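# Here's a sequence, model it:
(chains A and B)
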Number of protein chains: 2
Amino acid sequence: MAKGLTKRSENYSAWYNELVKKADLAENSAVRGCMIIKPHGYAIWEKMQAQLDKMFKETGHYNAYFPIFIPKSFFSKEASHVKEFAKECAIVTHYRLKSDPDGDGVIVDEDAKLEEELIVRPTSETMIWDSYKNWIQSYRDLPILLNQWCNVVRWEMRTRLFLRTTEFLWQEGHTAHATRQEAIDETVQMMNIYAEFVENYMALPVLKGKKSASERFAGAEDTYCIEALMQDGKALQAGTSHFLGQNFAKAFDVKFSDKNNKLEYVWGTSWGVSTRLMGALIMAHSDDEGLILPPRLAPIQVVIVPIFRDEEQLKAISEVANKLTDQLRNKGLTVKYDNRDSFKPGWKFAEYEQKGVPVRIAIGPRDLENGEVELARRDTKEKKTYAISGLSEVIINLMDEIHENIYQRALAFRAQNTTYVDSYDEFKQVLLEKGGFIYAHWDGTETTEQKIKEETKATIRLIPLEKNDEEGTCIYSGEPSQGRVVFAIAY
Amino acid sequence: MAKGLTKRSENYSAWYNELVKKADLAENSAVRGCMIIKPHGYAIWEKMQAQLDKMFKETGHYNAYFPIFIPKSFFSKEASHVKEFAKECAIVTHYRLKSDPDGDGVIVDEDAKLEEELIVRPTSETMIWDSYKNWIQSYRDLPILLNQWCNVVRWEMRTRLFLRTTEFLWQEGHTAHATRQEAIDETVQMMNIYAEFVENYMALPVLKGKKSASERFAGAEDTYCIEALMQDGKALQAGTSHFLGQNFAKAFDVKFSDKNNKLEYVWGTSWGVSTRLMGALIMAHSDDEGLILPPRLAPIQVVIVPIFRDEEQLKAISEVANKLTDQLRNKGLTVKYDNRDSFKPGWKFAEYEQKGVPVRIAIGPRDLENGEVELARRDTKEKKTYAISGLSEVIINLMDEIHENIYQRALAFRAQNTTYVDSYDEFKQVLLEKGGFIYAHWDGTETTEQKIKEETKATIRLIPLEKNDEEGTCIYSGEPSQGRVVFAIAY
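Sure thing, here's the model as predicted:
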């Protein structure tokens, strides 16, 4: 169990890798870079999906499904898109195996070579805009507000569970609009929905902003993003929303006739979050004992562990436990009563601690006599005795309290690790000593951005949306700057 | 709209293809055999998923996710499995494209050839049992009851929307057990859950039984299935549940130590239903005007169409419509109030008829004066006037009534198209004249089964589970038979 988890202060990266495995969230598969998401990990992802899906539908989006394969030629239609994705994609070239004449196994049947190779989708803009061409004729067909939940493949060279995997699960929204402004509004709306989700469900504060040109999505005119800070002082991009302008409409010849019967290219957006959010969730809150889950995404929100020596004691405890379970379930909580006799209470405590269950209740024979239970919070490790009567209200309130506590903890951490600097020396010193988000002036050129990245590994995470009117001089070039941008070393 | 839908009696197959497209359920994509599931079709699939997922979880199953790619060598480990799937799979051989030195586009980079090819999963037994090997040591690790929702690829030569596509969506359950009996019980349980789902949600009666040896899943000891009858007299396999015996445990060396510390191979099952169910749903109930959806799976259960000449009339109608909408939503129904002024009521009627909305309510100014509405049922096309007061109760009850009506209609159709025959001549005549399910005696040999298939295209759909003790003689060979089996021509 908890034994063997490296301390964060010793090796944050090892701590993360071990935690993902020990909390039974995911593991590597026999296929390089592809992960197996285990039931405990997948249950968290399902809760994320359910909430996001609800928010998408409430804002008028519908789900659909497009093919996993994209003809190779589609990629070449949008220049920057093919440049970005061509170098890291899985390519299907054949459609049949045959018995190996020289051995036991099977080999590729060269007679079954595809005329045109198929790419396993790294993202679906090309396939979807090829369809929109047939779906859109007039302004009456707009807007189209679609989303799909699916798997995508990007042939990453260095992979890490959840954070960067060859195959990952995600949702990709793809919308089509009659006007530039409507598409921009959609792009901003989706960034805001992502921020709301990460803050209100993952209990993780985020910064919102725009990417610099070099960090934009391949084929976008503007990329909006949310960025969160991990406990090691590195930033993690948690979601992106792209204003595609008319780029894909032009690449796939998607036009509509407006109210005046004039033909115009359609405006587009795309936006996505992925199982990478799982990595953010794990890294943001957890401690050296294991996972800490925000209550609104915890697959088990409350676990009840009986402490008993014999069947009779168990029976008395179970009566109370089952009643409490019913009360909590009626209030919409997920409760597990772990009455297995094959494991000792101490073992169970350690297991649920490692798996991040927000609230643990222990009930022993003496507790029963006193009409009380012991309640342990995962976030603070605080233990306290509560009367059984009225306990379900206490627990309901605790769910919000724990959410608020870990959110505030993450917010305070971010505040402590946000620094304003006015010189490049200071910039490098902060990066070296504490990392975190650094607000600094930048001259707006790609050259400066590139130099800073090469010399320090820090990148511009975002350009804040709120116009900060404070002018200044670039920390690197000394040239004038219109406002500070946010730098960090990122995952 | 409805214009142009071929009649079922003229050409059932054309009717189906047109209906799928006109009801906006799905369409073919630019990739051969891969479909695009459009929002209306996907919304039905989501309702199917939600209900099935609930039933799986209620019986103790958890969701997980395994990689889309399977190393080629995994396939060779189970002999009948590789034989079945090797001839129809998508093979990834490279992981990078590069600019074409002789042209504009991109070509496969031969320097990025994989050492071992990867197969896009046609089903995941091999990958999952390779994982189970690491997860199972002792009887305490059993049972493992997992399911995954995902996409799979089988390189079908002749494809049809939903019924047979190169890529399709499905769920695949994979369980591991300590005893043979427990695994068989699980297999039967899942067949029963499928039957319950198809009958209680799709409103479609099914037969339950076992497959003959030649129709079994590749690698299974026994395949249980449910079979439904379509309106053209052909059978459709709606779900299968496989008892794998110890085949995959042996292929992947998955053993556990039992309570006596003895090493044993693990027993397995797998079971699945796919987007093929959408095909069954469409074909089972619909008519020449379009789709007929069972109320429990209809994305829109009630549509309200206002009939108005001016803003003032619309305003008065909207007041009543919004109130009714709220009442119905509070009772859990999905309601659409279509107050668009860009389309005429007649156009809307035809659209919702074609899309299969179970109940349509029309409200005009004179209805308002009389305190009534016109209610049209999609299943019977009956129109009736109802008082506005108490209308929500009427509609709630109607949901069950419509479900029951289309279920009974399908059941009566199946009864009319089920025939007992005692000679091969009779068998061939029934096939020719009406099709349907044919109960006939079979000698139990694969030779006879094969001959009948070659001569008539009919296959054994299933061997009924209830031991029917009626002995007889095989309609083909005249040899003794232990009981009747069910033949049909199948999708």
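
# Taking the stretch 151-300 of chain A, what residue is nearest to chain B?
Closest approach between the stretch 151-300 of chain A and chain B, counting by CB to the nearest CB: A:Trp155, at 4.3 Å. Yep, even glycine has a C-beta here, placed from its N, CA and C like the rest.

# likewise the stretch 251-400 of chain A?
Counting by CB to the nearest CB, the stretch 251-400 of chain A gets nearest chain B through A:Ser342, at 6.7 Å.

# follow-up on the earlier one: the residue of the stretch 151-300 of chain A closest to chain B contacts B:Arg96, doesn't it?
Yes: between A:Trp155 and B:Arg96 there is a contact under CB atoms under 8 Å: 6.9 Å.

# in a strand, that's where the residue of the stretch 251-400 of chain A closest to chain B is, yeah?
No: A:Ser342: not assigned to a strand; according to DSSP: H, G, I helix; E, B strand; the rest coil it is coil.

# Any idea how many residues pack against the nearest residue to it once chain neighbours are set aside?
Closest residue to A:Ser342 apart from its sequence neighbours, by CB to CB, 6 or more residues apart in numbering or on different chains: B:Arg140 at 6.7 Å. Using other CB atoms under 10 Å in any protein chain shown, the number of residues around B:Arg140 comes to 13.

# Show me what counts as buried in the longest helix along chain A.
In chain A, assigned by DSSP state H, the helix with the most residues is helix A:391-416. Neighbour counts over helix A:391-416 (16 or more other CB atoms under 10 Å in any protein chain shown) mark A:391-392, A:395, A:398-399, A:401-403, A:405-407, A:409-410, A:413-414 as buried.

# How about stretch A:32-52?
Of the residues in stretch A:32-52, those buried (16+ other CB under 10 Å) are A:32-48, A:51-52.

# now, which of those lie close to chain B?
Among the buried residues of stretch A:32-52, the ones lying near chain B by CB under 8 Å from any CB of the partner chain are A:Cys34, A:Met35, A:Ile36, A:Ile37, A:Lys38, A:Pro39, A:Tyr42, A:Ala43, A:Trp45, A:Glu46.

# Let's see which of those residues end up in strands.
Among these, the members falling in strands are A:Met35, A:Ile36, A:Ile37 (criterion: DSSP state E).

# Go through the buried residues of helix A:391-416 and name the one nearest A:Gln237.
A:Arg414 (15.1 Å; CB to CB).

# How about the contacts made by the closest one?
With contacts defined as CB atoms under 8 Å, 6 or more residues apart in numbering or on different chains, A:Arg414 is in contact with A:Pro205, A:Leu229, A:Gly436, A:Phe437.

# wait, what's in contact with the nearest residue to the third one once chain neighbours are set aside?
Translated: A:Gly436. Sequence neighbours aside, A:Asn417 is the residue nearest to A:Gly436 in space, at 3.0 Å (criterion: CB to CB, 6+ apart). A:Asn417 is in contact with A:Leu229, A:Gly233, A:Lys434, A:Gly435, A:Gly436, A:Phe437, counting by CB under 8 Å, 6+ apart.

# do A:Arg377 as well
Counting by CB under 8 Å, 6+ apart, A:Arg377 has contacts A:Pro358, A:Val359, A:Lys383, A:Leu398, A:Ile402.

# Skipping its backbone neighbours, what lies nearest the fourth one in space?
The one in question is A:Leu398. That would be A:Val359: by CB to CB, 6+ apart, it lies 6.0 Å from A:Leu398.

# where along the stretch 301-450 of chain A do the helices fall?
A:311-330, A:345-355, A:365-370, A:391-416, A:424-433, A:446-456 (DSSP state H, counting those that start in this stretch).

# Make CSV out of the ones you listed and add distance to B:Arg8 and mean pLDDT.
Below are these laid out as CSV (distance: least, CB to CB, whole Å; pLDDT from 0 to 100):
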stretch, distance to B:Arg8, mean pLDDT
helix A:311-330, 48, 96
helix A:345-355, 55, 96
helix A:365-370, 68, 94
helix A:391-416, 54, 98
helix A:424-433, 71, 97
helix A:446-456, 63, 98
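
# Of the ones you listed, which is nearest A:Trp129?
Among the helices of the stretch 301-450 of chain A, helix A:446-456 comes nearest to A:Trp129, with 27.4 Å by CB to CB.

# starting at the chain centroid, how far to the next helix or strand after that closest one?
For helix A:446-456, the succeeding helix or strand toward the C-terminus, using DSSP states H and E, is strand A:459-464. Centre-to-centre, strand A:459-464 and its host chain are 18 Å apart (CA atoms, centre = their mean, to the nearest Å).

# same deal with stretch A:32-45?
Using CA atoms, centre = their mean, the offset of stretch A:32-45 from its chain centre is 13 Å.

# Tell me how far the longest helix of chain A lies from the chain's centre.
On CA atoms, centre = their mean, the centre of helix A:391-416 falls 20 Å from the chain's centre.

# Tell me how chain A divides into domains.
A:12-92+A:120-285, A:302-398, A:418-488 (automatic domain parsing).

# Can you tell me which of those is packed in deepest?
domain A:12-92+A:120-285 (a mean of 21; mean count of other CB atoms under 10 Å in any protein chain shown).

# how far does it stretch from start to finish?
13 Å (CA to CA, to the nearest Å).

# Check stretch A:357-377 too.
9 Å.

# so who does A:Lys255 touch?
A:Lys255 touches A:Ile136, A:Ala249, A:Leu263, A:Glu264, A:Tyr265, A:Val266, counting by CB under 8 Å, 6+ apart.

# Any idea which residue is closest to the centre of chain A?
Chain A has A:Leu277 as the residue nearest its centroid, 1.5 Å off, counting by CA atoms, centre = their mean.

# Which strand or helix spans it?
Element membership for A:Leu277, per DSSP H and E: helix A:276-285.

# separation between A:Gln49 and A:Thr275?
10 Å (CB to CB, to the nearest Å).

# Kindly report the same for A:Ala284.
15 Å.

# Can you show me the CA trace of the helix or strand bottoming out on mean pLDDT in chain A as PDB?
Ranking every helix and strand in chain A by mean pLDDT, DSSP states H and E puts helix A:79-85 at the bottom, with a mean of 83. Listed in PDB are the C-alpha atoms of helix A:79-85, where the atom choice follows Å, rounded to 0.1, in the frame of the first residue of the first chain:
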ATOM      1  CA  ALA A  79      -0.800  23.800 -44.600                       C
ATOM      2  CA  SER A  80       0.000  24.400 -41.000                       C
ATOM      3  CA  HIS A  81      -2.200  21.500 -39.900                       C
ATOM      4  CA  VAL A  82      -0.300  18.900 -41.900                       C
ATOM      5  CA  LYS A  83       3.100  20.300 -40.800                       C
ATOM      6  CA  GLU A  84       2.100  19.800 -37.100                       C
ATOM      7  CA  PHE A  85       0.500  16.400 -37.300                       C
END
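
# quick revisit: which ones are touching the residue nearest to the centre of chain A?
Neighbouring residues of A:Leu277 by CB under 8 Å, 6+ apart: A:Met48, A:Val198, A:Met202, A:Ala238, A:Gly239.

# which one of the contacts of A:Lys255 sits closest to A:Ser73?
Using CB to CB, A:Ala249 is the member of these that lies nearest A:Ser73, at 17.9 Å.

# Let me see the contact set for the closest one.
A:Ala249 neighbours (CB under 8 Å, 6+ apart): A:Trp129, A:Tyr132, A:Ala176, A:Lys255, A:Tyr265, A:Val266, A:Trp267, A:Gly268.

# From those residues, pick the one nearest B:Lys83.
Nearest to B:Lys83, judged by CB to CB, of the contacts of A:Ala249 is A:Trp129 at 40.4 Å.
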